[in-house]
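*Asks:* Got a sequence here, can you model it:
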Amino acid sequence: MQKPDLNRVWETFIKIGLPQDMSLQQIISLIRSKVYPMICDLRNRKIINWYFFLIHGRGSGVPTTKEDNNAYFHIRFSLNKDIEVKNEKDVINFLPNYCVLTQKARHKRVESILGIDKSLLKNEEIEEAWRIMGEQSEWIINMLNIHKENVEILIPQIVQFMHFFLNMLGLGKRALLFLGPVYGF
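*Replies:* Numbering: from 1, shown residues only. Below is the predicted model of the structure:
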């Protein structure tokens, strides 16, 4: 994955639903059926060179109405340098119709990452941190996509994958000690 050009970052949103109605299976299903196909299409058409997604709501970055309490996949992506766009509509036309609230990311929102001290990074480039976070998004998609389509991927299965991910830093057992009682294992 390449580093994003912060001047070419756009964001779009895919509605998940109300947080109290969300389930892990619904989130997994939407990543596999909507987020992944959208990203694949944009990459295959060489429209984007970087992406990253999280789950957010109105209070954490979704530009929606005060009455909207839904959670959304908040997807940021960087357009390849040879992709010309004149306005928002050009970018919207690249996206599936289930993507909503598409807009150019404000530079102020991407020039830093909450909790990441860029002065600790080589060259102090926040773009490098965004690149790594994009690779995390890609890892999650890949981890989910190695599973059969018709099986329910249970929380312990995902936690075990995350355990191995965190274990590389010696955080695996600590993470499981914290999560084990929460999830009953």
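*Asks:* got the residue ranges for the strands in this protein?
*Replies:* 9-17, 48-56, 71-79, 99-104 (DSSP state E).
*Asks:* Which stretch among those strands is buried most, on average?
*Replies:* strand 71-79 (a mean of 23; mean count of other C-beta atoms under 10 Å). Every C-beta, even on glycine, is put in place using the N, C-alpha and C of the backbone.
*Asks:* Note down every partner strand of that strand and its orientation.
*Replies:* Paired with strand 71-79 in the same sheet, following DSSP bridges, are strand 9-17 (antiparallel), strand 48-56 (antiparallel).
*Asks:* got the angle for it vs strand 99-104?
*Replies:* 40 degrees (axes from the mean of the first three to the mean of the last three C-alpha atoms, to 10 degrees).
*Asks:* I would like the residues contacting the lengthiest helix in the chain, please.
*Replies:* Using DSSP state H to assign secondary structure, the helix with the most residues in the chain is helix 126-145. Residues outside helix 126-145 that contact it (C-beta atoms under 8 Å, 6 or more residues apart in numbering): 1-6, 28, 31-32, 35-36, 39, 50-53, 110-113, 116, 118, 121-122, 153, 158, 161, 165.
*Asks:* about what we covered before: export the strands of the chain to CSV and append columns for distance to residue 24.
*Replies:* Converted to CSV, the strands of the chain look like this (distance: least, C-beta to C-beta, whole Å):
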stretch, distance to residue 24
strand 9-17, 11
strand 48-56, 11
strand 71-79, 13
strand 99-104, 22
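*Asks:* Format these as JSON lines; extra columns: mean pLDDT and distance to residue 87.
*Replies:* Shown next, in JSON lines, are the strands of the chain (pLDDT from 0 to 100; distance: least, C-beta to C-beta, whole Å):
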{"stretch": "strand 9-17", "mean pLDDT": "97", "distance to residue 87": "11"}
{"stretch": "strand 48-56", "mean pLDDT": "96", "distance to residue 87": "18"}
{"stretch": "strand 71-79", "mean pLDDT": "97", "distance to residue 87": "13"}
{"stretch": "strand 99-104", "mean pLDDT": "96", "distance to residue 87": "9"}
